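Q: Kindly generate the corresponding structure for this input.
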Amino acid sequence: MDKFKISTIMPTYNVQGYIDEAIQSVAEQENDRIDLELIIIDDGSTDGTVEVVCQSKEAFPGEIVVIQQNNEGPGAARNKGIQMATGDFIAFLDGDDMLYPDAYLKLLQSATSNNADIVVGNVDRFNSTSNHFVSGLHRKIFDNDLSNTHIINNHSLLYDTTSWNKLFKAEFLKKYQILFPENILYEDIPFNMEAHLRSTCTNIITDKVYRWRLRDGNDKSITQSRFEFKNLEDRITAIKLFSEVVSNLNINNDAFIASKEFKELTLDFPLYMDHLKDAPEGYSAFFQKEFLTYKEQLQSNAMEDRLTSRDRIKYFLLEKGDFSLLKKFVEYQGSYLKLPTISVGNQQLFDTSHFDVDLSSLPSALFDVRNDRHPITKIQKVRFEENLIFIEGYAFHKYIDLKKKNQITITASLVDPGDNKIDIPLTVSIQKNKQATHMHGGGNQEYLFKRYHNYDWSGFVIEIDLNNTAIINANSEKWSLKFVLSTQDLKSEVFLSNPIKGGRARPKPKKIGNSLFSIQYNAKWQLQLVKNNIYGYISDLAVDTDTIRLTFSNLSPQISNVVLTNSKTQQELRASIQTNQVEFSIDDLIERTGENSLFIDGLSDQEEKVDLHFEEDTFESTILYYGDNSLILEKTRSGKLKFSSYNYHKAQVEDLQLESNHGLSIKVMIRTSTSVKNPQLVFGNDSKGEKRKFDPSDKTDDGHTLLYTYQFKLLETDLHLFGNSSWFFRLEDIKEHHESAILALKLPNGNKFHLVKNTEFAFKRSRYQNLMLTTRLRKSYFDKGPRRKMLLQKNLYAAFRKLSQKKKYVMFEAYWGKNYSCNPKAIYEYIQEKHPDMVCIWSLNNENEQIPGNAIKVRRFSWKYYYYLARATYFYNNVNWPDQYVKRADSVEVQTLHGTFLKTMGLDVSDEVNTVKKMEGFHKRHGRWDYLISPSPFMTEIAKRVFEFDGQMLENGFPRNDVLLKHKDKSSSTETDELKKSIGIPLDKKVIMYAPTYRTKTNFDLKLDLALLQEKLGDQYIVLLRLHYFVAQSLDISEFEGFAYNLAWYSDIQDLYLITDILITDYSSVMFDFNILARPMIFFTYDLEFYRDTLRGMYIDFEQEAPGPLVKSTEDIADYILNIDEQYEGYKQRQQNFGQKFNTFECGQASERAVESVIKK
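A: The predicted model follows:
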């Protein structure tokens, strides 16, 4: 197999916090088909970028070249990289982004399949918290894998303006001297458009290859800084350079020109126009001037013929220079398309009398809906019946009523998604489908039971006859379903798309003759009918001592070999078919599988892979034990054979019973040869960090297998089972502390559903065939649909507010209903003790949360929630009540906050108040507060300013800290020991707690070296890990059992403070509360510069004021703790000063004063 060199060109500028991940993602691309060359051109970085790059050079598996230059911009840097590149292919990567694993392999496989000049791969966006979302820029491009396409015919490539999601043939770029323009931003646009226009062969793959970072907070990249005049100038320049390329290459295709200009009018200019409300003085006039110049150069009628009403209004106001009205319209434009429509003469117009902004001065023609009547399709059900496929759903043009059957015509046909040359007509029947009206008819609170539009006759049923000779004889293996929808005066041709969730629109594949038909959906959720020829069947699978033998039937003469392919590495294992049989060594299968999966295919004489399926549906997944390994044989949904292996013996569930008293009995089978002896059952939740362990109640041994029985009551596990979550079952060897999931290749007696405390329990199999329990809160009537929620919020809540307020009703909420904790918890417990006559209501996302006392627990946003919002008098919250909350005349709202401000808040965070709408919401929420709790003058000053608060300050400290002051000098008290016992940690060890600030959900890297700490401190200390529950599921500390404990699930951190002897943190506000206890703190600030300088600003000089040492390595932490008495002495005065500044008002009576100062006797 040929090997190719890929040269990756990476310009960098001040990306020290990201560059290591970027380089690592390139290093992971190396395989037996790819040699790597990484060319890094640092463009004058002023941070530690170059130092990080130099540290990464030694570990990089290929050639790495580092060039430093003065700041000349990414265009010049990339051009230098192109000149230096020695690879067969060239790729680009920005220093703050990452590649997906196997990105280059997938791009290379496509490029070499047809000698493509360019291969385009899909893109994923992510931000600082690793939330992933679809790239809006690339959304239009990726529906199907395409070979040999071109931008002139495939206008979606006009939106493919980034250089880094591609593989370019190096010879191609150098032949045409395609280079980036220099000294401008958006240099990608003219570069990529010229490349696309010159390409003789372009391929598109829908696999995601590139992770594009959205830098938020104070860390925005320069292209995210919209309001620099140069930013806009450069965007216009990039558009002009593209137009020059089109002119120089004599491109005169009218459709292409129109699509190009439509893209610029609906994407490039709106990037700026939609944010004019935030722009500095003079910017709007500058933008207007640039646009008018651009408009004069337009060659098509895209502006008149294709823009929606909303866009026409914006451009009209821009040209007119009415910036004030334009900014108001942009602020509320999201609700414009929800307006009803009216008929005026022969026109259908948006009824702007319902709009938030007065548009009465504008010409009515701007409100014409003619270009807004886009087609909408929905697939509700797909089913196979004998040789037929029936597809049910609805389709309509928005804003065009379908009250009668004769108002709609639909034709449908199967077409090849690549070239649309094959067109097979289908049978379509029109039916009534009121779901379309219900879901899309529009309306507001006056239209709760009525819709603006009627789409009742939009339903359809499409019939596909798989015995159709056109389908049987077609060479195509995949068809899209082309839909021609005609309503009123409008006719649209679209591809049927948008399936509902779940299996109703995703039936199992169907075998017909020697073909397997399946329903799939592409990246745009367009339905596709896939036909795979069956070149043979697996008729038998036999296991000998050390081999697996497959027998085939109806095997095509052209299939003489089979190939097993690793799903991740793409490595292959081939075997020859002899007399319709093939054998594989189990050793080979296990070795080739690794931690991935192997799939079997036939291999034709032309070296093409073809599907081989099980002949019958009777094959059941099974597990083989071989040495210390487990090999699982599964039949996939499409009927193919899949192998998965593990380097230990997997256990299987043999029986599962849930009794009426909620007692659970599980029988688990493992091999007698396994190294796991007397295993405990571990039942828990990775995302919450909660788990409990159970010893077996019974054990039987037949000489080959061990059968363990575990019994416990779900209600007595002290776990938060009753909510929306998933729970695992694992076995743990008591001696080795090795956990392994329990296989459920089949669920005894099928799935079991039970209703307990308004929670549905269901036993299921995970995607990896492991046993799991899912718990889901049962939805109430008002949870089922947006209109029911609107009815509750707008109507019932208003009716509840007609009732009198109850003077003894007190309502509590913490962290948006997440749990029972923080300051509201402390205040509630004081009221329970001192004012038992008060009626306390707790708002919770899960009303099954354990709360002591006689509180009324209500689910957030339920009808009971709104009932008590309407009737309560006193309100305590550590965040904010929802925007739907309406404060009544006698209501008293106390804002407790949930910590001292380390990072900027309120008005100091521009993104939170940078629009009129956001500012209105800000004033609405904070203007309701009557009281605001503060622990210090520092907090009083900041809180009053950033929240514009002019109510009464309660300067008594945080109520949650009363318990810390109460037990400050009782570190060895019985109460503290009881806390340790309840958590399950030893009493004879000192406690170190690591509580860092939240960074990211995925790819969490625990920088604290637990192995080193255990080696140096394990005799005297244990470590509690108090991490954000989002990252708890990615943390495996099983090898540190007895030393490190994951306590992400423990809701009350005040309890953990009390048992902690030394706190390790970083930029978390836990430092303020823990300081009350006057115990040592260590600040593990390995990324201080990045965190301080690129993310949200800080209110304190962290390096000067932190009440403990700032360290950057685990070795430093261990050394400090080993000499804690001597080391801590040097920080006691600094800690005291810290407390005097930030905990000034802490008195131990904050809960009492937060109640007695507020509640009227």
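Q: Next secondary structure element downstream of the lowest-mean-pLDDT helix or strand in the chain?
A: Least confident helix or strand of the chain, by mean pLDDT, DSSP states H and E, is helix 1029-1032 with a mean of 58. Tracing the chain past helix 1029-1032, the next element assigned as helix or strand by DSSP states H and E is strand 1044-1046.
Q: Any chance you could list what contacts the following helix or strand past that next one?
A: Sequence order places helix 1053-1059 as the next helix or strand after strand 1044-1046, per DSSP H and E. Defining contact as Cβ atoms under 8 Å, 6 or more residues apart in numbering, one finds that helix 1053-1059 is touched by 821, 960-961, 963-964, 967, 971, 975-976, 979-980, 983, 985, 991, 993, 995, 1024, 1026, 1047, 1050, 1063, 1070, 1073-1074, 1077. Just so you know, the C-beta spots here come from the backbone N, C-alpha and C atoms, and that holds for glycine as well.
Q: what's the distance between helix 1053-1059 and the middle of its chain?
A: Its chain's average C-alpha position is 32 Å from that of helix 1053-1059, according to Cα atoms, centre = their mean, to the nearest Å.
Q: next one: stretch 579-599
A: With Cα atoms, centre = their mean, you get 35 Å for stretch 579-599.
Q: Buried residues, it. List them.
A: For stretch 579-599, the buried set under the neighbour-count rule, 16 or more other Cβ atoms under 10 Å, comprises Val582, Phe584, Ile586, Asp588, Leu589, Ile590, Arg592, Thr593, Gly594, Ser597, Leu598, Phe599.
Q: what does stretch 161-179 give?
A: Within stretch 161-179, the residues scored as buried using 16+ other Cβ under 10 Å are 161-170, 172-173, 178-179.
Q: wait, which of those is closest to Val916?
A: Set against Val916, the nearest of the buried residues of stretch 161-179 by Cβ to Cβ is Thr161 (31.5 Å).
Q: The closest one touches Glu194, doesn't it?
A: No - using Cβ atoms under 8 Å, Thr161 is not in contact with Glu194, being 11.5 Å away.
Q: picking up where we left off before, which residue in the buried residues of stretch 579-599 has the weakest pLDDT?
A: Minimum pLDDT for those is recorded at Gly594 (77).
Q: Check the average confidence over stretch 558-573, would you?
A: What stretch 558-573 shows for mean pLDDT is 85.
Q: Quick one: distance of that stretch to the chain centre.
A: 33 Å.
Q: Please save the CA atoms from that stretch in PDB.
A: As requested, C-alpha coordinates have been extracted for stretch 558-573 and formatted as PDB (Å, rounded to 0.1, in the frame of the first residue of the first chain):
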ATOM      1  CA  GLN A 558     -16.300 -13.400  -7.700                       C
ATOM      2  CA  ILE A 559     -15.800 -13.600  -3.900                       C
ATOM      3  CA  SER A 560     -12.800 -15.800  -3.000                       C
ATOM      4  CA  ASN A 561     -11.500 -13.900   0.000                       C
ATOM      5  CA  VAL A 562     -12.900 -12.200   3.100                       C
ATOM      6  CA  VAL A 563     -11.300  -9.300   5.000                       C
ATOM      7  CA  LEU A 564     -11.700  -8.200   8.600                       C
ATOM      8  CA  THR A 565     -11.200  -4.400   9.100                       C
ATOM      9  CA  ASN A 566     -10.400  -2.600  12.300                       C
ATOM     10  CA  SER A 567     -13.000   0.200  12.700                       C
ATOM     11  CA  LYS A 568     -10.400   2.700  14.000                       C
ATOM     12  CA  THR A 569      -7.000   1.800  12.500                       C
ATOM     13  CA  GLN A 570      -8.400   0.400   9.200                       C
ATOM     14  CA  GLN A 571      -5.900  -2.400   9.500                       C
ATOM     15  CA  GLU A 572      -7.000  -5.500   7.600                       C
ATOM     16  CA  LEU A 573      -6.800  -9.200   8.200                       C
END
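Q: and it, which residues are buried?
A: Within stretch 558-573, the residues scored as buried using 16+ other Cβ under 10 Å are Ile559, Val562, Val563, Leu564, Thr565, Asn566, Leu573.
Q: ditto for stretch 885-898
A: Neighbour counts using 16+ other Cβ under 10 Å place Tyr885, Lys887, Ser891, Val892, Glu893, Val894, Gln895, Thr896, Leu897, His898 of stretch 885-898 among the buried residues.
Q: The last one touches Asn878, doesn't it?
A: Just to be clear, that refers to His898. Yes - counting by Cβ under 8 Å, His898 touches Asn878, with 4.0 Å between them.
Q: what touches both of the two?
A: Common contacts of His898 and Asn878, defined by Cβ under 8 Å, 6+ apart, comprise Ala814, Tyr815, Cys822, Asn823.
Q: For the first one, give me its contacts.
A: Same thing as Ala814. Applying Cβ under 8 Å, 6+ apart, we find Ala814 in contact with Tyr820, Ser821, Cys822, Asn823, Pro824, Lys825, Asn877, Asn878, Val879, His898.
Q: swap in the third one?
A: Cys822 makes contact with Ala814, Tyr815, Asn878, Thr896, His898, Arg960, according to Cβ under 8 Å, 6+ apart.
Q: quick one: it and Leu292, what's the gap?
A: According to Cβ to Cβ, to the nearest Å, Cys822 stands 55 Å off from Leu292.
Q: now swap in the first one and tell me
A: For Ala814, the distance to Leu292 (Cβ to Cβ) stands at 54 Å.
Q: so what's Thr341 bridging to?
A: Counting by DSSP bridges, Thr341 is bridged to Phe350.
Q: Which pLDDT value belongs to it?
A: As predicted, Thr341 sits at a pLDDT of 93.
Q: cool, and Tyr315?
A: If you check Tyr315, the pLDDT there is 97.
Q: Could you double-check that it sits in contact with Leu307?
A: Yes - here Tyr315 reaches Leu307: they are 7.1 Å apart, a contact under Cβ under 8 Å.
Q: Mutual contacts of the two, please.
A: Shared contacts of Tyr315 and Leu307, defined by Cβ under 8 Å, 6+ apart, are found at Leu265.
Q: quick one: average pLDDT of stretch 325-332?
A: Per-region confidence: stretch 325-332 scores 92 on mean pLDDT.
Q: Could I get the buried residue list for it?
A: Under 16+ other Cβ under 10 Å, the buried positions of stretch 325-332 are Leu325, Leu326, Lys327, Lys328, Phe329, Val330, Glu331.
Q: Off-centre distance for that stretch?
A: Relative to its chain's centre, stretch 325-332 lies at 31 Å (Cα atoms, centre = their mean).
Q: And stretch 58-77, by the same measure?
A: 32 Å.
Q: Can you point out the buried residues in it?
A: Phe60, Gly62, Ile64, Val65, Val66, Glu72, Gly73, Pro74, Gly75, Ala76, Ala77.
Q: circling back to that earlier point, could you tell me which residues touch both of Thr161 and Glu194?
A: When Cβ under 8 Å, 6+ apart defines a contact, no residue borders Thr161 and Glu194 alike.
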